[in-house]
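>>> got a sequence here, can you model it:
(one chain, ligands or ions: 7)
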Amino acid sequence: MVHRLSGSFAMVILANFAATLACDVNLEALFEPYMSPGTLIAEANDANFSDVASPRWSEWNSPTWTGAIKPETVQDLQNIVRIASAHNISFMATNGGHGTSIIYGTVTGVDINLENFDTIKVDLENNHLIVGAGVKLGNITEPLYNAGKAVPRGNSPCVGMIGATVGGGIGFETGLYGLSIDALESVRLVTAKGDLITVSDNQHPDLMWAIRGAGANFGIITEATFRMSDQPNNGNAVVGSFIYNSSRTLDVFEELQTLDDILPAELGVQLGISYDRTTSESLLTVDMKHFGTWETFQPHWNTAIRLGYTSATVKNVTLVELFANLDGPCQSGVYINGGTVGLGRTDPQTMQEVFEEMTEFYKNYPGYEGETLFQRYANNKTLETPLSTAVYPWRDTKTFWLHENIYTEPALEEPSIRLLLSLREKLQATSGFSEPHIYINYAYGDEGPEGWWGKANLAKLRKLKAKWDPKNLFGHGTPIFS
Ligand SMILES: Cc1cc2nc3c(=O)[nH]c(=O)nc-3n(C[C@H](O)[C@H](O)[C@H](O)COP(=O)(O)OP(=O)(O)OC[C@H]3O[C@@H](n4cnc5c(N)ncnc54)[C@H](O)[C@@H]3O)c2cc1C
Ligand SMILES: *[C@@H]1O[C@H](CO)[C@@H](O)[C@H](O)[C@H]1NC(C)=O
Ligand SMILES: *[C@@H]1O[C@H](CO)[C@@H](O)[C@H](O)[C@H]1NC(C)=O
Ligand SMILES: *[C@@H]1O[C@H](CO)[C@@H](O)[C@H](O)[C@H]1NC(C)=O
Ligand SMILES: *[C@@H]1O[C@H](CO)[C@@H](O)[C@H](O)[C@H]1NC(C)=O
Ligand SMILES: *[C@@H]1O[C@H](CO)[C@@H](O)[C@H](O)[C@H]1NC(C)=O
Ligand SMILES: *[C@@H]1O[C@H](CO)[C@@H](O)[C@H](O)[C@H]1NC(C)=O
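Residues are numbered from 1 along each chain as shown. Ligands and ions are numbered 1, 2, ... in the order given. Have a look, this model is predicted:
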């Protein structure tokens, strides 16, 4: 009965409809008859709710879940969308739980946990990596390494692979391979009608354009197929981490500026401003990931020495080690909020002002543990893919600024958000862009669709939304009409 959708299915939905109010739904009664046995369902107040819902990375402005469903099969997922749609039950499909912004805090509905769709296939014959909706970035590292292959990908192991991809997908290998969406060849998508369709440049090409940057808004992707490249330097890399104190920061920012047009593709750089509470000083950490040999790293190391670091570690690593050691274990339930703006040029003076404003803030608020990151990946490769292939509009971004406020005292909420907005305004002013370039996956949430997808794309994007998701079932965290 469950596996064949027929007239009786529609009749059950209609029969139940009158009796169902959005605020007063028994999820098990409504969904369970149409689910396979392995599907888990929990009401928000069930003791075992957290076994069913996805973990959330940050508690700040998190959605209010009215329940959770963890489907076992794609057919279950299709039925969930159909039933929820027929009963006007709001939901959001989640995987890594790393989506964060002020808008997520306004979301109310059922969490659809995609974790069970955790298959990974390396198809050497067709040169494809095929990942399911439950796959995290950390899960693809070893299979790719073992096959000698790579795809452009985000860094953080606990982030959802598809979640990161549908906003663009950036990481240390962006210089070499471009964005995740540039390698995304096709997806399997559960649509608002509950249909399962394939979307690619040949099948529904306009929808494919929209999925490459606004992919949370058009359905639930069950599986994504990426084109692979050969991995760099036989899977070996050199990582260098260099720490500078306040006497050297301006020199470091000026050095970064000299690389604006010539940063090598194989060198991913992240600059992080943080504070050492034992020595009471702000620090600038420069992390370099060099997808090349020890010998070819030497010039970068020499530059780091010339700039006068206070401490350094330089290591040979495999790509497995490189991606495994970026974060600690998967965190959930932390309290972090953040924001971003994209930079088209390095302005050393502005970056120095950011360093100073952060320092002042750390001193004024002893409980504050935030940090600010500048992720600098060469974008020449990203620019090789035409703008017209994707709704993602910001290929000219050279540096992704990512600010993270970390604190436990509620009193820090208001001042730390003022800090974030102040830094963002400063950086935007000298970014080289008149139109703010907001990477949607890092958004604070107040920038709106123009900031995320570009003014020029909105008419087409909204037309597609109206066609594919007229009841606005999907993408409540990143709304196209707002
Ligand atoms: C610590 C940290 C590190 C990060 N590092 C990077 C990085 O290196 N590179 C980068 O590009 N981004 C990075 N991000 C941003 C990250 O890509 C986004 O937050 C992304 O939305 C997270 O996806 P998720 O599955 O983990 O989160 P979720 O909260 O589970 O989902 C986020 C959004 O994606 C949608 N979504 C998830 N899966 C699907 C699917 N299968 N079909 C349709 N919609 C789906 C959800 O509905 C939701 O709207 C990072 C974020 C954090 C917090
Ligand atoms: C959760 O608990 C309820 C009642 O205690 C039970 O009916 C249900 O099967 C449990 N679900 C899971 C996923 O453990
Ligand atoms: C659906 O639910 C929303 C609130 O979740 C409500 O605003 C809307 O009016 C409802 N629509 C219908 C057709 O019941
Ligand atoms: C995928 O990664 C997550 C997060 O690190 C981990 O909990 C899970 O066990 C991994 N799954 C597989 C199949 O390796
Ligand atoms: C990247 O593109 C710029 C502008 O076209 C060019 O000047 C530069 O040499 C390129 N950099 C690399 C590393 O190829
Ligand atoms: C920075 O470090 C150097 C030594 O590495 C030290 O001489 C200098 O006093 C430090 N400057 C500040 C401002 O702490
Ligand atoms: C890294 O590997 C190179 C050889 O490729 C070797 O010369 C060098 O000493 C190694 N460095 C460290 C720190 O092990």
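
>>> from K289, how far off is the residue in the stretch 101-250 of the chain that ligand 7 sits nearest to?
Residue nearest to ligand 7 within the stretch 101-250 of the chain (Cβ to the nearest ligand atom): V238, separated by 7.2 Å. Every C-beta, even on glycine, is put in place using the N, C-alpha and C of the backbone. Look at V238 and K289: by Cβ to Cβ, to the nearest Å, they are 8 Å apart.

>>> ok, P37 next?
For P37, the distance to K289 - Cβ to Cβ - is 45 Å.

>>> can you give me the strands in the stretch 101-250 of the chain?
Along the stretch 101-250 of the chain, counting by DSSP state E, counting those that start in this stretch, strands occupy 108-113, 120-123, 128-132, 149-150, 184-190, 196-200, 220-227, 229-230, 236-244.

>>> OK, contacts around the residue in the stretch 301-450 of the chain that ligand 6 sits nearest to?
Distances between the stretch 301-450 of the chain and ligand 6 by Cβ to the nearest ligand atom are smallest at T310, namely 4.2 Å. T310 sits next to I243, Y244, N245 when contact means Cβ atoms under 8 Å, 6 or more residues apart in numbering.

>>> surely the first one meets L284?
In this case it means I243. Yes - under the criterion of Cβ atoms under 8 Å, I243 makes contact with L284 at 7.2 Å.

>>> of the two, who's got more company?
For I243 versus L284, the count of surrounding residues by other Cβ atoms under 10 Å is larger for L284: 25 against 18.

>>> pLDDT score for the residue nearest to the more buried one when sequence neighbours are not counted?
Leaving aside its sequence neighbours, L284 sits nearest to Y244 (Cβ to Cβ, 6 or more residues apart in numbering; 4.5 Å). Turning to Y244, the model gives it a pLDDT of 98.

>>> Y244 touches S311, doesn't it?
No - with contact defined as Cβ under 8 Å, Y244 does not reach S311; the gap is 9.3 Å.

>>> ok, those two, which is more surrounded?
Using other Cβ under 10 Å, the more surrounded residue of Y244 and S311 is Y244, with 24 against 11.

>>> and the more buried one, how far is that from Q270?
Here the criterion is Cβ to Cβ. By it, Y244 lies 14 Å from Q270.

>>> shared neighbours, these two?
Residues touching both Y244 and Q270 by Cβ under 8 Å, 6+ apart: V286.

>>> and this protein, which residues reach ligand 7?
Within the chain, the positions adjacent to ligand 7 are W294, K315, N316 by Cβ under 6 Å from any ligand atom.

>>> near T73, how many other residues are there?
Counted with other Cβ under 10 Å, residues neighbouring T73 total 17.

>>> can you tell me the closest non-neighbouring residue to it?
Distance criterion Cβ to Cβ, 6+ apart; nearest residue to T73, sequence neighbours excluded, is S36 at 5.3 Å.

>>> the one you found falls within a helix, correct?
No - the assignment for S36, made by DSSP: H, G, I helix; E, B strand; the rest coil, is coil rather than a helix.

>>> that one contacts K70, doesn't it?
No - taking Cβ under 8 Å as the definition, S36 is not a contact partner of K70, at 11.5 Å.

>>> which of these two has more neighbours?
Neighbour tally, S36 and K70, criterion other Cβ under 10 Å: the higher count belongs to K70, 22 against 13.

>>> quick check on the more buried one: phi, psi?
The phi/psi pair for K70 (degrees, to the nearest 10) reads phi -120, psi 90.

>>> one more: N405?
Per-residue torsions, N405: phi -90, psi 120 (degrees, to the nearest 10).

>>> distance check, the most centrally placed residue in the chain against T94.
Nearest to the geometric centre of the chain sits A164, at 3.5 Å (Cα atoms, centre = their mean). A164 sits 13 Å away from T94, going by Cβ to Cβ.
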